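[1] model the following, please.
(chains A and B)
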Amino acid sequence: MKRRARDGSLTRRIVFDRLFKVVVAMLAFSTILPMFFILFFIAKNGIPVIDWNFLTRLPAPVGEPGGGIVNAIIGTLMLILIASIIAVPLGIFAGIYLSEYRKSRFAYLSRLSVEIIMGVPSIVIGIIAYIWVVMPARSFSALSGGIALGIMMLPVIVMTTEETLKLIPDSMKEASLALGVPYPRTIMKVILPAGMSGIMTGILLAVARVAGETAPLLFTAFGSPYMAAHILKPVNSLPLMIFNYATSPYPEWHKLAWGASFILLIFVLMLNLAAKLGMKRWKVRF
Amino acid sequence: MESTVLRIENFGAGFDSNQVLKDINLSIVRNKITAIMGPSGCGKTTLIRCINRMHELIPTARVSGKILLDEENVFDLDPIVVRRKIGMVFQRPNPFPTMSIYDNVAAGYNLNGIRLPKTERDRIVEESLRKAALWDEVKDALHRRGTFLSGGQQQRLCIARALAMNPEILLLDEPTSALDPKSTAHIEELVVSLKHAVTIIQVTHNIPQAARISDYTAFIYLGELVEYGPTEKMFTVPKDKRTEEYLTGKFG
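    The predicted model follows:
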């Protein structure tokens, strides 16, 4: 015979328990919903615009049909390349320092400053790049935009490198040192390769973080309707182009902005996906 | 003929204000197995980490006295040279996870940037794996990751990696403490077979193991060398009361 508690408070607790679960599930679902709306909306407006010409032509003057965004795509890639050349080596070496000298005073200060850079609003970083690079050079340039984005990438790379290297057991380093391998070689040939997956992931996430940045580029890379592949000349970038076109009064340009948004979205999505997959695929077992 | 390969003289070591080892005097005999035993925390691991200068990697570490390898003080030599002459195997197997079995054995050369002709390298890898009694188990999987091996095999891989550098002395820091009994027996057998080629200093807190494999035994207690001599003698007629109590399990 089954014994059932028909106690009032127990029933109330069971009901409350069920209710709680339903509410949690609903709230969780409602956070996913906006993402689907955004994706759907951008895809709906963006995909019809995209064809071969869109990807390979320069923007057309107002009033002319067609025109593409090739200069913005090239510009974005250029900016990311410049930013990476600056931020990747700096970030990796700073990360190595932080994980190797965890308790030194200088490490504490660098860690603090990295966290501060992480928190600086992107527009402020843009102003700094403007003052440092654009004003002395008297010209907007891809270089200044790349420097602004590089500063934004730096903390992400430093932090992921540090976290990754901290997880590598000390026994790895000891094994190498005990073979008579000098310390610098131990770091470069044993510790870094073992942390490669994490570091690569950090770089991809850093690129994804800056690929969509508009604010720091407004007065550095500035934007340009021409094909510009010179690092000392202004260049266009996808987010800048979207900003300029979406705020223009011309409906054709609005359409191009939707197309560019879709391309940018796919690019960032792929970077994030690659970072996730890479994390699993290149994982080193100890 | 017995000759001394390593002489430890008036040696002390520690961290900052914590003196771990006091006034150690010890002569290690060439091509023999010397076991260093004692209860946990007595300083035996610190002692062997001083021999190949791994101790100083800890920022607060300090040492006093001399350790003479072939009459040369290791503290006057470049630590890199010392570590190439004195190999080390750790408590937990630590093969390089990013490398194949082959590259793990050749790591001492590859990582140091020593270029060898391929035939020479192949020979060293095969020879080292044979000495470490691992060749027959891995000869068809040389290019697989070393981390796919079992714990005991990994430890033998680490021994092969150390042997590849052709060291004069091999330091073993409780090499079997993380292994099951079967792998332990395997490693013990291996260690005994190696003594013709290399002098072995093994730290252990496994008393029967010290009795089984070593020729000489040093007993360290609270940072002091209590007794040192031929293993047989020490296990049958210990001179010091503390040694006797430790061997009979009264403490430790």
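[2] okay, now the residue in the stretch 1-150 of chain A that chain B sits nearest to: neighbour count?
    Nearest residue of the stretch 1-150 of chain A to chain B (C-beta to the nearest C-beta) works out as residue A:103 at 8.9 Å. No exception for glycine: its C-beta is placed from N, CA and C like everyone else's. By other C-beta atoms under 10 Å in any protein chain shown, the residues close to residue A:103 number 7.
[3] assumed it was part of a helix.
    No. Read with DSSP: H, G, I helix; E, B strand; the rest coil, residue A:103 is coil and lies in no helix.
[4] can you show me the helices along the stretch 101-250 of chain A?
    Here the stretch 101-250 of chain A has its helices, by DSSP state H, counting those that start in this stretch, at A:105-119, A:122-129, A:135-137, A:142-166, A:170-178, A:183-186, A:192-194, A:196-211, A:238-246.
[5] just checking, residue A:203 touches residue A:84?
    Yes. Assessed by C-beta atoms under 8 Å, residue A:203 is found in contact with residue A:84 at 7.1 Å.
[6] torsion angles phi and psi at the residue of the stretch 1-150 of chain A closest to chain B?
    Reported as degrees, to the nearest 10, the phi and psi values for residue A:103 are phi -100, psi 0.
[7] how about the contacts made by residue 125?
    No chain in the question, so chain A it is. Counting by C-beta atoms under 8 Å, 6 or more residues apart in numbering or on different chains, residue A:125 touches A:148, A:151-152, A:216.
[8] switch to chain B, that's the one I care about
    Counted by C-beta under 8 Å, 6+ apart, residue B:125 has contacts B:102, B:105-106, B:142, B:164.
[9] same thing but at 10 Å, please
    B:101-106, B:109, B:135, B:142, B:160-161, B:164 (C-beta atoms under 10 Å, 6 or more residues apart in numbering or on different chains).
[10] again, but for residue A:179
    Here residue A:179 is in contact with A:186, A:190, B:80, B:83-84, B:87-88, B:96, B:107-112, B:161-162, B:164-165, B:167 (criterion: C-beta under 10 Å, 6+ apart).
[11] if we can go back for a sec, neighbour count winner among residue A:203 and residue A:84?
    residue A:203 (23 against 20).
[12] OK, contacts around the more buried one?
    Applying C-beta under 10 Å, 6+ apart, the residues near residue A:203 are A:84, A:87-88, A:91-92, A:153, A:156-157, A:160-161, A:271, A:275, A:278.
[13] residue A:79 touches residue A:146, doesn't it?
    Yes. Distance between residue A:79 and residue A:146: 5.2 Å, which falls inside the contact criterion (C-beta atoms under 10 Å).
[14] residues from the stretch 1-150 of chain B in reach of chain A?
    Within the stretch 1-150 of chain B, the positions adjacent to chain A are B:49, B:52-54, B:57, B:59, B:78-99, B:104, B:107-113, B:145, B:147-148 by C-beta under 10 Å from any C-beta of the partner chain.
[15] measure residue B:51 to residue B:18 for me?
    20 Å (C-beta to C-beta, to the nearest Å).
[16] what about these two, which has more around it?
    Between residue B:51 and residue B:18, residue B:51 has the larger neighbour count (other C-beta under 10 Å), namely 21 against 9.
[17] what's the spacing between the more buried one and residue B:200?
    Applying C-beta to C-beta to residue B:51 and residue B:200 gives a distance of 12 Å.
[18] any residues in contact with both of these two?
    B:28, B:169, B:171.
[19] for residue B:210, see how far away the residue in the stretch 51-200 of chain A positioned nearest to chain B is.
    At 3.6 Å from chain B, residue A:180 is the closest residue in the stretch 51-200 of chain A, using C-beta to the nearest C-beta. According to C-beta to C-beta, residue A:180 stands 28 Å off from residue B:210.
[20] which of the two has more neighbours?
    Using other C-beta under 10 Å, the more surrounded residue of residue A:180 and residue B:210 is residue B:210, with 25 against 22.
[21] quick one: pLDDT of that one?
    You'll see residue B:210 listed with a pLDDT of 92.
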